[in-house]
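Student: sequence and predicted structure, then a few things I'm wondering about:
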Amino acid sequence: MAAKNILVLCTGNSCRSQIAHGYLQHFAGNKAQVYSAGIEVHGVNPRAIATMMEDGIDISHHTSNNVNEYLSINFDFVITVCDNANEACPVFPSTAKKFHQNFPDPAKTIGTEEEIKQQFAQVRQQIKTFCKNFVATEIL
């Protein structure tokens with residue numbers, strides 16, 4: 001069976017989509033090729049990298065990409081991880097199954113460094129659970 005192509009979309013491809021990208025690739029292994037992109041490009045958030053390292057997954061090599069870079073790829077699944085991306089998502093000329101799950105944006109957290117780290121960890125856990133279930137249901 002060929003590996004499934006999965007695209008994770010968010011607004012800026014800096015936090016939530018990067019975390020989801022890391023977990024989807026981790027759980028799916030060689031059964032999927034995961035891409036993540038934004039409708040804008042904000043760079044990979046250093047806190048997203050740090051929160052994933054705390055769970056043993058290295059996303060420091062990820063890049064922040066614009067969704068238009070992937071228009072030529074035939075995706076099996078497109079997952080939007082924020083309402084803004086879901087509403088602004090370009091129409092893909094494909095038969096990709098679309099999934100939407102809105103996660104809070106940890107980058108918008110205001111507070112102490114500890115409060116911000118806690119919010120990143122909470123969102124990371126929500127995304128991890130979603131990705132584990134998605135891979136178990138759709139890929140494996």
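Tutor: That came through fine.
Student: tell me, how many residues neighbour Asp127?
Tutor: I think there's a mix-up here, since residue 127 is Ile and not Asp. 27 (other Cβ atoms under 10 Å). Bear in mind the C-beta positions are built from the backbone N, C-alpha and C, glycine included.
Student: contact partners for it?
Tutor: 16, 19-20, 23, 81, 103 (Cβ atoms under 8 Å, 6 or more residues apart in numbering).
Student: and if you look at Phe99?
Tutor: So Phe99 contacts 77-80, 134 (Cβ under 8 Å, 6+ apart).
Student: quick check: which element contains the residue most central in space within the chain?
Tutor: In the chain, the residue lying closest to the centroid (Cα atoms, centre = their mean) is Ser17, at 2.3 Å. Using DSSP states H and E, Ser17 falls within helix 16-28.
Student: need the next SSE after that helix, C-terminal direction.
Tutor: Counting by DSSP H and E, the next helix or strand C-terminal to helix 16-28 is strand 32-38.
Student: quick one: the longest helix along the chain to chain centroid distance?
Tutor: Using DSSP state H to define each element, the chain has its longest helix at helix 113-134. Chain-centre distance of helix 113-134: 12 Å, with Cα atoms, centre = their mean, to the nearest Å.
Student: what's the burial count for Ile39?
Tutor: 20.
Student: what about the closest residue in space to it that isn't next to it in sequence, distance to Leu9?
Tutor: Among residues not flanking Ile39 along the chain, Ala88 sits closest, at 5.1 Å (Cβ to Cβ, 6 or more residues apart in numbering). As judged by Cβ to Cβ, to the nearest Å, Ala88 and Leu9 stand 9 Å apart.
Student: look at the two and report which has more neighbours.
Tutor: Leu9 (29 against 14).
Student: who touches the helix or strand that contains the more buried one?
Tutor: Assigned by DSSP H and E, Leu9 belongs to strand 4-10. With Cβ under 8 Å, 6+ apart as the test, strand 4-10 has contacts from 16-17, 20-21, 24, 28, 31-39, 67, 70, 73-82, 85-86, 89, 96, 138-139.
Student: and it, how far from the chain's centre?
Tutor: That offset, for strand 4-10, works out to 7 Å (Cα atoms, centre = their mean).
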